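Enquirer: Sequence below, structure please.
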Amino acid sequence: MKRSTAFIGTYLGLVLASCTNTSESSFIDGVTDALSNEGKVNIELLEWTREPQNFNLNGDTLTITTAPHTDLWQRTYYHFRNDNAPVLQMKTKEKYFSFVVKTDFTQSHHRFDQCGIVMYLDSDNWLKGSVEYENELFQHLGSVATNNGYSDWATTAIPADVKTMWYRFSRRADDYCIECSSDGMTFSQMRICHMHKGVEEISFGIYACSPEDSSFTAVFTDMKITECMWKAHDGQQPDAELISSIMTEKEKMLSGMTYSAVDTQLLEELNAVKGVIHRYNNLSPNDNAGRLETLKGLLGHIADDEIIINQPFYCDYGKQISVGRRFFANFHFTVLDEAKVSIGDDCFIGPNVSIYTACHSTDPIERNTRREWAEPVTIGNSVWIGGSVTILPGVTIGDNVTIGAGSVVTKDIPSNVVAAGNPCRVIKEI
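Expert: Sure, this is the predicted structure:
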């Protein structure tokens with residue numbers, strides 16, 4: 001079945017853009033992005049599957065007015081297949097996290113009206129949790145796990161006057177858990193299941209539908225991402241040991257874990273990027289189109305075409321670098337992006353600036369094993385980094401900041417200040 005998708009934007013309503021093919025080069029992990037922003041979900045990273053005719057975004061509140069005869073169900077018991085409910089999701093390759101959302105279904109009034117949380121992989125493989133209206137006396141709180149085209153359903157009756165419900169969707173590798181809560185604080189387990197196709201990249205989010213001849217408006221608020229709140233069972237391997245046993249060295253690197261810097265896959269990627277960097281640095285300074293095209297293929301995210309990075313420029317992987325609108329970097333800009341490096345809008349980078357994310361042990365024996373870890377760097381909007389500044393792993397620099405030339409930034413710098421020195425310290429507020 002052909003499906004249309006669209007990104008959601010947040011200016012005075014909604015901006016929709018067609019997105020039928022998302023290439024690996026443009027992939028932005030919604031969970032990784034949220035965890036680097038205190039759990040806040042970036043609405044612009046959500047995609048529609050079957051965009052509804054009536055929906056609205058106001059700040060962080062999303063409303064969906066359902067269309068009649070929309071549903072998700074596959075075969076079991078009813079013997080029919082319905083696959084036309086609107087689904088709004090983000091993508092991730094993260095293996096351990098939780099997603100929380102509050103639903104308000106005050107307007108539901110007809111049998112099977114429902115809204116809730118979902119992981120929709122394809123028509124034959126998905127997981128959902130919701131409250132389904134039944135009648136004036138009771139409704140069903142339940143979940144459906146669909147693997148390979150067959151839906152397994154479990155419900156319990158709750159009073160009909162319940163009109164809001166929080167859900168928490170958690171992932172532990174290829175296993176999943178849905179929980180519910182009446183207050184957003186204390187959650188109760190609804191379902192634990194294994195999803196056969198939920199092994200690498202997944203999509204998850206929210207949905208609403210009216211399987212019979214009805215319509216209602218569902219309200220979704222308080223979306224956030226957290227570390228995985230579904231903890232390991234007593235007696236199971238400790239998380240670090242379990243994760244280490246199933247993750248590649250690259251996955252460990254991107255997750256902030258200790259990894260081998262001489263892993264074959266990582267070395268191959270580093271060498272491939274060196275080739276791209278060499279070509280970029282040898283382009284004519286007047287070849288603006290060629291430079292822009294190369295940067296778009298090299299970096300993880302570029303907000304607009306006004307980016308300027310003077311040659312020479314150096315980075316390790318490129319894909320962990322995200323820059324905002326109207327970005328400018330002068331000569332000899334160096335980024336060791338073993339972890340994510342996020343730079344906001346209207347940022348100026350002076351010559352000979354270095355940003356490091358890779359960390360090494362101070363113990364020479366441990367360091368010589370070539371094992372290391374990486375910590376992300378975040379730079380806000382309207383920041384000027386003076387010449388020959390060094391920014392160390394794990395640093396966050398706020399908005400509207402000036403960093404004086406030659407500074408070594410070892411700790412976070414708040415917004416609206418001028419800072420300088422080694423180590424860099426706040427000199428004055430602005």
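Enquirer: name the helices or strands packed onto the top helix by length along the chain?
Expert: Counting residues, the longest helix found in the chain (DSSP state H) is helix 264-281. Using 3 or more C-beta pairs under 8 Å, 6 or more residues apart in numbering; DSSP states H and E, the elements in contact with helix 264-281 are helix 249-254, helix 288-298, strand 313-315. Where you see a C-beta, it was placed from the backbone N, CA and C, and this is true even at glycine.
Enquirer: mean confidence score for that helix?
Expert: The average pLDDT within helix 264-281 is 95.
Enquirer: do the same with stretch 72-89
Expert: Stretch 72-89 comes out with an average pLDDT of 94.
Enquirer: Flag every buried residue along it.
Expert: Of the residues in stretch 72-89, Leu72, Trp73, Gln74, Asn82, Asp83, Ala85, Pro86, Val87, Leu88, Gln89 count as buried by neighbour count, 16 or more other C-beta atoms under 10 Å.
Enquirer: Narrow the residues you listed to those in strands?
Expert: Mapping the buried residues of stretch 72-89 onto strands (DSSP state E) picks out Leu72, Trp73, Gln74, Asn82, Asp83, Val87, Leu88, Gln89.
Enquirer: list the contacts for the fourth one?
Expert: In this structure, Asn82 makes contact with Thr70, Asp71, Leu72, Trp73, Gln74, Pro211, judged by C-beta atoms under 8 Å, 6 or more residues apart in numbering.
Enquirer: where does the protein dip in pLDDT?
Expert: For the chain, applying pLDDT under 70 flags the ranges 1-26, 234-245.
Enquirer: Which parts of it belong to which domain?
Expert: The chain is divided into the following domains under automatic domain parsing: 6-246, 258-429.
Enquirer: Columns distance to Lys252 on top of those domains, output as CSV?
Expert: As requested, the domains of the chain are exported to CSV (distance: least, C-beta to C-beta, whole Å):
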stretch, distance to Lys252
domain 6-246, 7
domain 258-429, 4
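Enquirer: Save the helices and strands packed on helix 264-281 as TSV, and put in mean neighbour count too.
Expert: As requested, those are arranged in TSV below (neighbours: other C-beta atoms under 10 Å):
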stretch	mean neighbour count
helix 249-254	20
helix 288-298	16
strand 313-315	20
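Enquirer: Now tabulate the ones you listed in a markdown table and tack on distance to Ile430.
Expert: Below are these laid out as a markdown table (distance: least, C-beta to C-beta, whole Å):
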| stretch | distance to Ile430 |
| --- | --- |
| helix 249-254 | 35 |
| helix 288-298 | 31 |
| strand 313-315 | 29 |
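Enquirer: re earlier: out of the buried residues of stretch 72-89, the closest to Leu270 would be?
Expert: Proximity of the buried residues of stretch 72-89 to Leu270 was ranked by C-beta to C-beta; the top entry is Gln89 with 32.4 Å.
Enquirer: What separation is there between that closest one and Asp71?
Expert: Per C-beta to C-beta, to the nearest Å, Gln89 is found 17 Å from Asp71.
Enquirer: what's the answer for Lys231, then?
Expert: With C-beta to C-beta as the criterion, Lys231 and Asp71 are 34 Å apart.
Enquirer: between those two, who's got more neighbours?
Expert: When Lys231 and Asp71 are compared for neighbours, Asp71 comes out ahead with 17 against 10, by other C-beta atoms under 10 Å.
Enquirer: Can you get me a residue count around Ile307?
Expert: Neighbourhood size, Ile307 [other C-beta under 10 Å]: 19.
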